[in-house]
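[1] With the input below, show me the fold.
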Amino acid sequence: MTSQRTVARICTRNYFGVPLLLAVTASGAMAQSFPDKPVTIIAPFPAGGSVDLVARAVAQRMSELWKQPVVVANRPGAGGNIGAEAVARAAPDGYTLLMGTTALASSPALYSKLAYDLTRDLAPVSLVVTMSNVLVVHPALPVRSVRELVALAKARRGTLTSASAGVGSSNHLALVLFNTMTGAEISHIPYKGAAPAVADVMGGHVAMTFVPIAAAVAPVRAGRLRALGVTGEVRSPALPDIPTINESGVTGYEATSWNALLAPGGTPRELLLHIQTTVADSLRAAKVKEILVSAGADAAGGTPDELAGFLRTEMVKWGKVVKAAGIKAE
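    Below is the predicted model of the structure:
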């Protein structure tokens, strides 16, 4: 039988661990009861683009699993940083989430001052999808291949323009890499999202764009845009006849984009894992898979720790590209 003295020693030794134990118990209870009210996923780009499409596909299934509304709110601007900042400042209770993009990884190198710190103020939940962009041009542009585009860009040095979803977006980074590897010197025109960027290319106001496949499939099939090359390592099932840019003579070119779910920094780990499990279940749903495949996106998934490592790698990769090109966001 344990003596009273032993009990006293045990109680004394664990006394200062009681708040931690209570915190762990409380966060575990929170995860089990979560959510008991609507959850908001902030998409940091306008409605109609690939980020919005992915966020809504996943949110719908999460709503069904949780039996609580999961609402997508579009907060575009500053290359996705307005939406990211809103989530970074939100309460760390899981009710405000971010559908982050590749711009998260490039922003630290692009902006001299950010209102949030990616590694401190946002907590990784799960990678959601990866996708290639596709290089599209207005049909009136007299090119039908990547090689012809490079030749035209060099002949009209500095006069061709390329739209993007904003400074530091995957479309912008794809252009920077393309210019660096080909010497094309195509000028960058930033927009607040992929949807308005694509609209202006279709309207003939801008010559081209590197756009997420999700936003390009319909206008390419309708003949309103001409696709020249896919930015990923392999061709896309959504546009199987379009070669990769690597295949088209820019050897070694590869620029994929991604979407990932993040929460405010300080969100309890048990809650992050609870949300991550729901994301994983959502990505396995047939309806969600169908939407993602039609959009040219590949379901990813993964743990918070895996996403944290991925983000560190992406920050290094795109930071080098941004610094080498000498670009800065104003």
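
[2] Pull the number of nearby residues for Arg235.
    Arg235 has 16 neighbours, counted by other C-beta atoms under 10 Å. Glycine gets a C-beta too; all of them are placed from N, C-alpha and C.

[3] how about the nearest residue to Val201, chain neighbours excluded?
    Thr209 (5.0 Å; C-beta to C-beta, 6 or more residues apart in numbering).

[4] buried ones in the helix or strand harbouring that neighbour?
    Using DSSP states H and E, Thr209 falls within strand 208-212. Residues 208-212 are the ones in strand 208-212 that count as buried (16 or more other C-beta atoms under 10 Å).

[5] which regions of this structure lie under the pLDDT threshold?
    1-30, 330 (pLDDT under 70).

[6] All the helices of the stretch 151-300 of the chain, in order from the start?
    170-182, 194-202, 213-221, 269-283, 286-294 (DSSP state H, counting those that start in this stretch).

[7] would a markdown table of those with mean neighbour count be doable?
    Converted to a markdown table, the helices of the stretch 151-300 of the chain look like this (neighbours: other C-beta atoms under 10 Å):
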| stretch | mean neighbour count |
| --- | --- |
| helix 170-182 | 24 |
| helix 194-202 | 22 |
| helix 213-221 | 21 |
| helix 269-283 | 20 |
| helix 286-294 | 15 |
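
[8] Of those, which is nearest Ser63?
    Taking C-beta to C-beta, helix 269-283 is the member of these nearest to Ser63, at 9.5 Å.

[9] Contacts made by the closest one with the rest, please.
    Contacting residues not belonging to helix 269-283 are listed as 24, 27-28, 30-32, 34, 58, 61-62, 65-66, 93-94, 97, 123-126, 128, 261, 263, 288-289, 292, 299-301, 303-304 [C-beta atoms under 8 Å, 6 or more residues apart in numbering].

[10] Produce a PyMOL select command limited to the buried residues of those residues.
    Filtering the contacts of helix 269-283 down to the buried ones (16+ other C-beta under 10 Å) takes a single PyMOL command:
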select buried, resi 27+30+31+34+58+61+62+66+93+94+97+123+124+125+126+128+261+263+288+292+299+300+301+303+304
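
[11] What separation do you get for the spatially closest residue to Leu175 that is not a sequence neighbour and Gly326?
    Spatial nearest neighbour of Leu175, chain neighbours left out: Ser162 (4.9 Å); criterion: C-beta to C-beta, 6+ apart. For Ser162, the distance to Gly326 equals 17 Å [C-beta to C-beta, to the nearest Å].

[12] about what we covered before: report the contact partners of the residue nearest to Leu175.
    Contacts for Ser162 were tallied using C-beta under 8 Å, 6+ apart; they are 171, 175, 186-189, 206-210.

[13] Check Ala73 too.
    Each residue near Ala73 by C-beta under 8 Å, 6+ apart is listed here: 40-43.

[14] okay, which residue is most central for this protein?
    With distances taken as C-alpha atoms, centre = their mean, Thr101 lies nearest the centre of the chain, 1.8 Å away.
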